[in-house]
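Asker: I'd like to go over a predicted model; first the sequence, then the structure.
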Amino acid sequence: MKDTDNKIPIYKINSKEQILEYYTNWTNDNQYNKDMIDWNYIAPSNAVKIFTNHTNNLSQKILDAGCGTGLVGKELKNLGFKNIIGVDFSQDMLDLVPNNIYEKLDLVDLNNSLDYKDNEFDSIICVGTFTYGHVKANALDEFIRITNSNGLICFSINEGIYKKNNFDKKIQELENNKKWEILELEKTSYIVNKDVDAWFCIAKKN
Ligand SMILES: C[S@@+](CC[C@H](N)C(=O)[O-])C[C@H]1O[C@@H](n2cnc3c(N)ncnc32)[C@H](O)[C@@H]1O
């Protein structure tokens, strides 16, 4: 079996404090963005491609959950999407977001209840954030609550935690309970030069 757990050092840490500290160091000298280029991190473009297979409404209000340095927002903005809100729990990552991509940036822990209204967003996109030690599957309940009916929820899940952290069960449970309809769910390449794949899912809220 593939040993995904040992591919990248951050996969070994678990506590919120250690993850935040890791990102503080990783953002020094723009190293996170440099690594994403060197590692051929294709998750943002993969996810945006899946998202735009299902919607072309450029004025919809989109939440980029775990937006980091804005790699997903940048792809969306380049395609003409103009109402994007970014949230992340690392101020150091948010500090590297270029101007003019997001309407607003909020410092938010996605493992907590979210301070947004029911149906507040037309869509949510969440890339690279369902991974080792980061955001748990229960955050999907909040994603559904704050998304409009018929809105899209598009996200990646690192292959190494997909079953271990019960994402497979959670995705199916939400379908069984008619909370959403899964439109696409497939495993594909994610961090090419590290040989790490991810599941990419897009679902429509009922
Ligand atoms: C691998 S980065 C991905 C960032 C961006 N979406 C991208 O694709 O480049 C994961 C992001 O999740 C954020 N994150 C981790 N745990 C979080 C939490 N509990 N709440 C909010 N953001 C979190 C990190 O700060 C980091 O910016």
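Answerer: The structure has been received and is ready for your questions. Numbers count the residues shown, from 1 in each chain.
Asker: what about the residue in the chain that the ligand sits nearest to, how many neighbours?
Answerer: Residue of the chain nearest the ligand, by Cβ to the nearest ligand atom: residue 68 (2.5 Å). Every C-beta, even on glycine, is put in place using the N, C-alpha and C of the backbone. Look at residue 68: counted by other Cβ atoms under 10 Å, it has 26 neighbours.
Asker: Could you look up the SS state of the closest residue to it other than its chain neighbours?
Answerer: Using Cβ to Cβ, 6 or more residues apart in numbering and skipping residues adjacent in sequence, the residue nearest residue 68 is residue 93, 4.5 Å away. Three-state call for residue 93 (DSSP: H, G, I helix; E, B strand; the rest coil): helix.
Asker: hang on, the earlier thing: right, and the residue of the chain closest to the ligand touches residue 90 too?
Answerer: Yes: using Cβ atoms under 8 Å, residue 68 is in contact with residue 90, at 7.5 Å.
Asker: about what we covered before: for the residue of the chain closest to the ligand, report the pLDDT, please.
Answerer: Predicted confidence (pLDDT) for residue 68: 99.
Asker: now do residue 128
Answerer: In this model, residue 128 is scored at 98, pLDDT.
Asker: what about residue 35, helix or strand, and which?
Answerer: If you go by DSSP states H and E, residue 35 is part of helix 31-38.
Asker: average pLDDT for the next helix or strand after that helix?
Answerer: Following helix 31-38 in sequence order, the next helix or strand is helix 43-52 (DSSP H and E). What helix 43-52 shows for mean pLDDT is 98.
Asker: need the residues of this protein near the ligand, please.
Answerer: For the chain, the residues found near the ligand under the criterion Cβ under 6 Å from any ligand atom are 19, 23, 43-44, 66-68, 71-72, 88-90, 93, 108-111, 127-129, 134-135.
Asker: so of these, which ones are in strands?
Answerer: 88, 127-129 (DSSP state E).
Asker: Top of these by number of neighbours, please.
Answerer: For those, the largest number of neighbours (other Cβ under 10 Å) sits with residue 127, at 28 neighbours.
Asker: From what I see, it and residue 153 are in contact.
Answerer: No: using Cβ under 8 Å, residue 127 makes no contact with residue 153, being 12.0 Å away.
Asker: Tell me the secondary structure of the closest residue in space to residue 159 that isn't next to it in sequence, please.
Answerer: Take residue 159 and drop its neighbours on the chain: the residue closest to it by Cβ to Cβ, 6+ apart is residue 197, 4.6 Å away. Of the three states, residue 197 takes strand under three-state DSSP.
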